[in-house]
Each structure stands twice: as structure tokens, then as C-alpha cells.
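Student: no sequence for this one, just the structure:
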């Protein structure tokens, strides 16, 4: 529920016809009384968008094509219109037009999701033009002296935030393995980063400025958890006409909501001191590595901040090859290291995709050896890098993959081992019965739980996340990945990463989140009562 204060404020504004907020943009900037953050940021640093349909105005008709694409995002049929807000007033105006015309609306970031999570047949709002850091407004915070918080606009990429924070001796609490995505967009679909000691992106959010719809108008809110970072009394004195909601149910519904509650304009997040990472990659036989995992995840948890495993599911000379990557926080080195050249450039090579799909389609029996060689090429002795470089997997997300990711909460490492071996079993069986071989290794990470009600990591225990990716163009890839999702779902109550390929249907979210979905549903019923934030995902979810 929204809470008594918010309900009273809404009723008062409804009676008086007064809008919920009075801070207005001025000449392309936001007034310095914007909530939580002072937006004294110009757009000269905004990254250019790579839209297939563009215009000098903030809104342009979609091109008359069969589909609309931006990076990995593909919307078929294309949206009715594509808008590029330049500031808060422009975003509010675009949304108000949608309200008046009863057009659905959907915000996207950089468009690197592999699923249809960003689809809409209404107005697509590209947030990449709302990009940059904001100055924190400390005078209304409970703790004005906390140095480890920062604020930014919703279209700001992880890469941009990383470089800004590094210059100020800070770092994000966690980051995605691909840094060209927008932080807010990634957080809202369940992007997580890696590590059992670092929170997922969503759980680093302390406060959000969101625009939603109430009746026939756009309503602006500041949403925080109970006892949030803002001092409510200081807030009311400074911004008496702006609603602030400090409510756990609303906040933990909103931070992973797939854009179904409104459109986020900016967020304030928790940061930490900057650090370096020592990364080491070693080759193991799977039967030996799985014996080491209990020690690695329990006894060494305080030492290593990240564990990642890549597995070739096909035995080569009766050996199932795996790569274990450990990342340990380190002191600043005299000279920073670099990963092997082949690994650094391979993700961005279209030739790699062409060769892998050719072999898969014409000489599939060679793929196990090719995967082994690719994995072995990543092995390297310990190297020390800046944290944001060490946690970045590289440019593989720019390649045309079909990807699904499966999260399973675990109480004991043996549960994770059994879970991982089901994927190995599936791909080995698929090779023998269908002659189908995956073009990429199985990727495994162990992750910290999340408080977000619909996060793939929701709960109070660590999660084992398994990701499978297959190059588009590989014969039988879509069918194999679909069958894999069914195979795993029949055996485990897994949660899917919403930004990757998944199967959604009515009742699925209730089954995945029996304790928290009812709370989310109450918030959703209020924030999306207009149904203007519905899209293909919400339709499938029922």
C-alpha cells in the first residue's frame, strides 16, 4: 500500500487540482531544489544514441519497418513513436501526452536486453539522453556527512559512473559484467553483478525519483525504504509540495519492477572506497573443481570477493574442462596488469561468431575441442586491475546471442553442484540425441541475496546463477534454449533474469516469489491502475 501520508496527499491534490511537485526545469537544467540530488548537469556529456529512428526533436515517429532495433533490443511490430526526453519537463510532457491519448509507454536504456522486456506498441521513451551525474543535496539527508553516496540520471551507463567515481576515490558496490548498459535499466530487470559479499545493483539504490500516473495526470514521487536516507521533517520544510514515500513494500517493489510502476528519472545509490582487484584464472577438471567449491565458498568467502566458473559441457579426452576465476581485493600495484589480448578482443569480433556458427552448423563435432581451446586461452597468472576493469567481462554482449540465465537460492554448495550438473547433462544429451552443440561455455556465478521483491536473487541466502548463451544463427539454438528452460524449470523453482530470454505466463511470478509477490502486486495495482505501463511482459505475467 502507498501509506496514509501518500493517500492523503493524493486526495488533497485531487481536490485542489494541484500537481504533486513544483520543481521545474530551466533552460535545459533542473532547478537546484530537485529532490535528493541537485541537477546542475548539462547534457554535453550525454552519450549519443544509436537509434534506428531519430529526429532533431525530442519525439519522432518510428520508422515504417517490420521491427525496431537498438543494440540487442528488437520490438516487433515497432512502437508507435520513439521519444528522447532532454530534461525533467520534457519527460513529464511526453508522459502527459501518453496519458491524454491513452497510449501505453515504456522506458528503455541502452537496449542491451536479450528479451522482450522493453517492448511496447505505444510510446517508447529512450532515456539515454538523460545521462550524467547529479550533485547530492545533503541538507535534507539524515546523515549529511556520509561520503559514500552518489546520484545520477536514469540513462547513465555503468561505465560512465565507474570512471566518474574512480576520479573521486570511490567505486560502485557492484557492477554488471558488461558496462555499457544503464545502471537503472539494468537494476530494474534484475541485473546483479557478481560476488557473495556485494549486493546486486538494485540493492545499492537508496532513493529514486519516479514519475507515475494518477488519474489523468503525471505524478512525481521520491521513493525510499522505511527510515530512508532523507530526513522527512527537513524534506517537508524544504519541499512541502513534493510527496516523499518511505515505505518498504513500495520501495522493494519498485527497484526491480521492469518499468511496470512508472518511469524512473534519477536515483541515489550507495558507493564505497575505490579498490583494485587481483584476478586469477585456472583450468580444472570439473570432477576436481567441484570438490574444491565447498572450501572456496565457505572457508575462503572473506578472502575472495568474486567467484566465476566457465564450463565446457562436453568432455574432451574424457575430461570436462572448467575455468575458475577468483577475484581478490588488492592494494594499488606498481604496474597494473592486462588480461590476455585474445580474451580482451574476442568478445567484439564478429569473425568469432561467424566461425562458431559455421562450425556448429557444418562440423558440430569440432565444437567441444574449440570450446576447450577458447577456455584455455583465458587462463592467466594473477594480475591486478582497477576494480571496474576487473569486474568487466568485456564486449561479448555486443554479439548476437540467445541467452537465458537461471537463479537458484541455495543453502549448501552441494545444491549448486547438482544444479550445475543438470545443465551439463542437458547439453550432453542434446548432442547425442539431436546433434546439437552449444557455441559457448556454461557460465556460473555465486551471488548475494536481494531484498527486492521480484529480484532473481530475492531471499536471505546466496544464489547460484547459471547463464547459457548460444550464437544467433546456430541451427536449432532457439529450440534448444527453450527446451533447456523447460528442462530446468521442471526440476527446480528457478528465477529468470528478466533481461534475458525467459518463459513468462500467468502464475509464474507467484510461483517464483510466493512470499513477496503479493506485496508487489498491491503496489502494482496502485501505481499502474491506468494500465499505461503494461507491455508484452505484463501481459504474459497476467
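Tutor: Structure received. It should be emphasised that the depicted structure is a prediction, and the values quoted were computed from it without experimental measurement.

Student: so how far is residue 264 from the most centrally placed residue in the chain?
Tutor: Geometric centre of the chain, nearest residue: residue 186, 2.2 Å, by Cα atoms, centre = their mean. Between residue 186 and residue 264 the computed distance is 12 Å (Cβ to Cβ, to the nearest Å). (Glycine included, C-beta is placed from N, CA and C.)

Student: run through the strands of the stretch 351-500 of the chain in chain order.
Tutor: Per DSSP state E, counting those that start in this stretch, the stretch 351-500 of the chain carries strands over the ranges 380-386, 401-409, 442-447, 463-471, 495-496.

Student: which residues does the following helix or strand past the shortest one contact?
Tutor: Going back to what we said before, that points to strand 495-496. Toward the C-terminal end, the helix or strand that comes next after strand 495-496 (DSSP states H and E) is helix 508-512. Residues outside helix 508-512 that contact it (Cβ atoms under 8 Å, 6 or more residues apart in numbering): 454, 493, 494, 495, 517, 518, 520, 541.

Student: TSV for these, including pLDDT, neighbour count and distance to residue 432?
Tutor: Converted to TSV, those look like this (pLDDT from 0 to 100; neighbours: other Cβ atoms under 10 Å; distance: Cβ to Cβ, whole Å):
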residue	pLDDT	neighbour count	distance to residue 432
454	97	28	37
493	94	11	28
494	96	22	24
495	96	26	30
517	97	20	39
518	97	12	44
520	97	23	42
541	90	19	36
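
Student: out of those, which is nearest to residue 290?
Tutor: Sorting those by how near they are to residue 290, with Cβ to Cβ, puts residue 494 at the top with 19.7 Å.

Student: test my guess that the closest one contacts residue 488.
Tutor: Yes - applying Cβ atoms under 8 Å as the test, residue 494 and residue 488 come out as touching, 5.8 Å apart.

Student: and the contacts of helix 508-512, which two are the farthest apart?
Tutor: Most distant of those, by Cβ to Cβ, are 494 and 518, 20.2 Å apart.

Student: might one say that residue 463 is in contact with residue 492?
Tutor: No - with contact defined as Cβ under 8 Å, residue 463 does not reach residue 492; the gap is 11.7 Å.

Student: and for the two, which residues touch both?
Tutor: Both residue 463 and residue 492 are contacted by residue 408, under the criterion Cβ under 8 Å, 6+ apart.

Student: and these two? Which one has more around it.
Tutor: For residue 463 versus residue 492, neighbours defined as other Cβ atoms under 10 Å are more numerous around residue 463 (26 against 16).

Student: quick one: residues contacting the more buried one.
Tutor: Applying Cβ under 8 Å, 6+ apart, the residues contacting residue 463 are 407, 408, 409, 410, 446, 447, 449, 456, 457.

Student: show me the shaky parts of the stretch 151-300 of the chain.
Tutor: 296-300 (pLDDT under 70).

Student: about what we covered before: looking at the strands of the stretch 351-500 of the chain, which is nearest to residue 194?
Tutor: In terms of Cβ to Cβ, the element of these nearest to residue 194 is strand 442-447, at 4.6 Å.

Student: other SSEs contacting the closest one?
Tutor: Judged by 3 or more Cβ pairs under 8 Å, 6 or more residues apart in numbering; DSSP states H and E, the packing partners of strand 442-447 are strand 304-311, helix 413-434, strand 463-471.

Student: so, low pLDDT: which residues of the stretch 301-450 of the chain?
Tutor: 301-305, 341-353, 394-398.

Student: and the helices in the stretch 151-300 of the chain?
Tutor: Under the criterion DSSP state H, counting those that start in this stretch, helices of the stretch 151-300 of the chain are mapped to 158-167, 183-188, 232-238, 248-254, 286-294.

Student: so which of these is the most packed in?
Tutor: With neighbours defined as mean count of other Cβ atoms under 10 Å, the helices of the stretch 151-300 of the chain peak in mean count at helix 183-188, which reaches a mean of 29.

Student: and that helix, how far out from the chain middle?
Tutor: Here the centre of helix 183-188 is set off from its chain's centre by 4 Å, with Cα atoms, centre = their mean, to the nearest Å.

Student: contact partners of it?
Tutor: Contacting residues not belonging to helix 183-188 are listed as 107-110, 113, 127, 152, 154-158, 161, 172, 176, 200-202, 204-205, 255-259, 264, 267, 269, 499 [Cβ under 8 Å, 6+ apart].

Student: drop anything exposed from those.
Tutor: Neighbour counting by 16 or more other Cβ atoms under 10 Å classes 107-110, 113, 127, 152, 154-158, 161, 172, 176, 200-202, 204-205, 255-259, 264, 267, 269, 499 among those as buried.

Student: point out the ones among the residues you listed that are inside strands.
Tutor: Counting by DSSP state E, these place 107, 108, 152, 172, 205, 264, 267, 269 in strands.

Student: out of those residues, which comes closest to residue 441?
Tutor: Using Cβ to Cβ, these come closest to residue 441 at residue 172, 26.5 Å.

Student: I'd assumed residue 273 was in contact with the closest one.
Tutor: No - assessed by Cβ under 8 Å, residue 172 is found out of contact with residue 273, at 11.4 Å.

Student: and residue 318, how far from residue 285?
Tutor: Counting by Cβ to Cβ - residue 318 and residue 285 are separated by 10 Å.

Student: between the two, which one's more packed in?
Tutor: Shown here are residue 318 and residue 285; by other Cβ under 10 Å, residue 285 has more neighbours (13 against 6).

Student: not counting its neighbours along the chain, what's nearest the more buried one?
Tutor: Closest residue to residue 285 in three dimensions, ignoring its sequence neighbours and counting by Cβ to Cβ, 6 or more residues apart in numbering: residue 319, at 5.2 Å.

Student: how close does the one you found get to residue 376?
Tutor: Distance, residue 319 to residue 376, by Cβ to Cβ: 12 Å.

Student: please apply the same query to residue 472.
Tutor: 25 Å.

Student: and for residue 449?
Tutor: Between residue 449 and residue 376 the distance, using Cβ to Cβ, works out to 34 Å.

Student: neighbour count winner among the two?
Tutor: Using other Cβ under 10 Å, the more surrounded residue of residue 449 and residue 376 is residue 449, with 18 against 13.
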